[in-house]
Structures are given as C-alpha cells and as structure tokens.
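> return atomic coordinates for the entry below.
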Amino acid sequence: MKRRLFLCLVLLMLLCAAALAENTRARHYLLLGEDGYADSVVDDARTDTIVLLTLDEKYNRVIMTSILRDSMITSPKDTPTKANLLYKYFGFEGLEACIERELDIKIEGCVLVNFENVKPVIDALGGVDLVIDENEYISIRKILLGKDENMPKGPGLVHMTGRIALAYMRDRQSGSGDFSRTERQRKVVGQLVAKCRDLSLLELIGIYNDVSSGMKMSLSIPAILGAMKSGYGLLTGGADFVEFRVPQNGTYSYTSLAGSGSALNVRWKTNRQRFHELLDTNPEETD
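Next comes the predicted model:
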C-alpha cells in the first residue's frame, strides 16, 4: 500500500514537472539483473546482467549498453575484479562509482531486478516474437527440460511467453557465449520498449507494480521523477532504440583472474571514447 501511495505521489509530482523547462541532457541509469530462480532480489548475488540505460532527449533516443559480466574492472579497493562482482562486494554505490569512472558519466541510480520477475512483464505486454536458430531452440528446450505448453516447435519465428523469453535470454551455450546472450537480452528489451509506446503512464505504473516485489533500487525521488518524465516522453515521442556494447569488438583480450576464472581484459579508454562518440553524434548526420 505504501509503495502504491508513493507512486501516486510521484505521478502528481510528474504532472507538475511537465510544465518545467525541457532538460535535454542524457540521463544514465544502471539496470541490473540477478539470474536466479528466487522470487526476490538477493543482496549478495552476482549481477550477471548489467545494462546502462541512457535516456537521450537531445537526439530522441534510448541507448541500451550491455556491459559484459566478465569485463575486468578496477574495484573501489583498487584491485582487479569482474564487473558482475561489483554489486556483490561493494553494493550500488561501489558499482556506480566504477562505471562512472570508466565511462566518464554521471549515473542517476541503479535498479536491481530478479530475472524471475521479468516474466510477468513480458506476459502483460503480450509476449515477444523473435527468430531463433537451431542451437537457440535446443538450448531453450534444455533450460526448460522440454516442459512447457508453449515450447517452440523448432527454429524460425517464435512467439515467446515470459517463461520462454526468459529461457532465451538465459541461454549461454548458443553463439559466442555472453556476447550472444546480451544480444538476445537487447532483442527482447527492444520489443518490450516498442510495445510500451502505446501504453498510458498509468498502465506503465501498473506494470511497475507487477515487478516491484522483486526489485531494489538506489534512485532518489528526483531521479525517479526525472526517469519517468524523460522515459515516458521518449516512448510516446517515437524515440529510436540504439544498442551498444562494452567491450566493443577489437577492444579486449581474454585473460584470467585468480579465484574468478576467465575474464575480459577491457581497454576501457577506447570503449569510453566510442561511447562518447555515440552520445555526441547527431544520428541525422550519419544517415
């Protein structure tokens, strides 16, 4: 009840804020996913999904940047670690500080979601339609043990319920490991964003309520307000959906970390430069 009252308050504040002057700077948020089967988030879990969501009002676009979980990064203790271990050992604050440092940006806050709570969102939006190959089809069957009435019949165009789509996003065996897995995640999210374009603000809040029990966040009230105002404006304004990935091709090498196994030795300086080139470039000038 308190959460719903809080959301109503935020909505009222949002309506008042709509009359304020337009802020055209890009806002950055971290979306974190725990790939577990629990009903709620776990504070000491690894965040195997790390996505930097950029709401860019200046160029009317939403940029979704996947940061691969095995990316080697310097921790707040000045020691090398993997990106997916930052939240586990240093919490939201440590994770934000490290990504801000490496990409030279300001992060408004983090949202941590348990993957299991993504399923009802996908179902509420009517599922997603994606083309899968033979290996992805086999992986989905293995993950779900072949036990689902909506199981794909084979490769090709497939309509996915939340449970099928989650298995598709969890697949680490097909393609190029985590590179392909994060690409699959972006495909699903891209379709969900497209479906949200036709929803009212109240309907979007309703979807939020469906997943709030499996969510934890570090956003302040002003940050929530800014995200809602900017995000809803972009959705209803026909914003482009842009994908990016860290590390970029040719900007990493394979290495290992003691106690953590294989890792990606990321050239963060080069990735930072390319990310800012994307931010600073008007898409219309590249057409």
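> only C-alpha atoms from now on, for both contacts and neighbour counts.
Noted.
> quick one, helices of the stretch 151-287 of the chain?
Secondary structure of the stretch 151-287 of the chain, counting by DSSP state H, counting those that start in this stretch: helices at 162-170, 178-196, 201-211, 221-236, 268-280.
> buried deepest among the ones you listed, which one?
Scoring the helices of the stretch 151-287 of the chain by mean neighbour count under mean count of other CA atoms under 10 Å gives helix 162-170 as the most buried, with a mean of 22.
> V246: how many residues sit nearby?
24 (other CA atoms under 10 Å).
> which parts of the stretch 1-150 of the chain are strands?
Assigned by DSSP state E, counting those that start in this stretch, the strands in the stretch 1-150 of the chain fall at 27-34, 49-56, 61-67, 72-74, 80-82, 107-114, 128-132.
> so for I224, which of the ones you listed sits nearest?
Distance to I224, taken as CA to CA, is lowest for strand 107-114 among those, at 8.9 Å.
> only the C-alpha atoms, please, for that closest one, written as PDB.
Coordinates of the C-alpha atoms in strand 107-114 are reproduced here as PDB (Å, rounded to 0.1, in the frame of the first residue of the first chain):
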ATOM      1  CA  ILE A 107      24.700   7.700 -13.200                       C
ATOM      2  CA  GLU A 108      21.400   8.800 -11.700                       C
ATOM      3  CA  GLY A 109      20.900   5.500  -9.900                       C
ATOM      4  CA  CYS A 110      20.500   1.700 -10.100                       C
ATOM      5  CA  VAL A 111      17.600  -0.700 -10.400                       C
ATOM      6  CA  LEU A 112      18.200  -4.400  -9.400                       C
ATOM      7  CA  VAL A 113      15.700  -6.900 -10.700                       C
ATOM      8  CA  ASN A 114      15.400 -10.700 -10.200                       C
END
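> that one: how far from the chain's middle?
9 Å (CA atoms, centre = their mean, to the nearest Å).
> what do you get for stretch 272-280?
19 Å.
> what do you get for stretch 119-137?
From the chain centre to the centre of stretch 119-137 is a distance of 16 Å (CA atoms, centre = their mean).
> what is the end-to-end distance of that stretch?
For stretch 119-137, the first-to-last residue distance is 19 Å (CA to CA, to the nearest Å).
> any buried residues in it, and which?
By 16 or more other CA atoms under 10 Å, the buried positions in stretch 119-137 come out as 119-122, 125, 127-128, 130, 132, 136-137.
> coming back round to it: okay if I get the strands of the stretch 1-150 of the chain as JSON lines plus mean pLDDT and distance to M169?
Below are the strands of the stretch 1-150 of the chain laid out as JSON lines (pLDDT from 0 to 100; distance: least, CA to CA, whole Å):
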{"stretch": "strand 27-34", "mean pLDDT": "92", "distance to M169": "11"}
{"stretch": "strand 49-56", "mean pLDDT": "95", "distance to M169": "10"}
{"stretch": "strand 61-67", "mean pLDDT": "95", "distance to M169": "13"}
{"stretch": "strand 72-74", "mean pLDDT": "97", "distance to M169": "22"}
{"stretch": "strand 80-82", "mean pLDDT": "96", "distance to M169": "21"}
{"stretch": "strand 107-114", "mean pLDDT": "90", "distance to M169": "13"}
{"stretch": "strand 128-132", "mean pLDDT": "96", "distance to M169": "11"}
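> distance to I164 added to these, as a markdown table?
Below are those laid out as a markdown table (distance: least, CA to CA, whole Å):
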| stretch | distance to I164 |
| --- | --- |
| strand 27-34 | 17 |
| strand 49-56 | 18 |
| strand 61-67 | 21 |
| strand 72-74 | 31 |
| strand 80-82 | 29 |
| strand 107-114 | 16 |
| strand 128-132 | 10 |
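> hang on, the earlier thing: which one among the buried residues of stretch 119-137 gets closest to I221?
For the buried residues of stretch 119-137, the closest approach to I221 (CA to CA) belongs to V121, at 23.2 Å.
> where in this structure is pLDDT low?
By pLDDT under 70, the weakly predicted segments of the chain are 1-24, 35-40, 210-213, 287.
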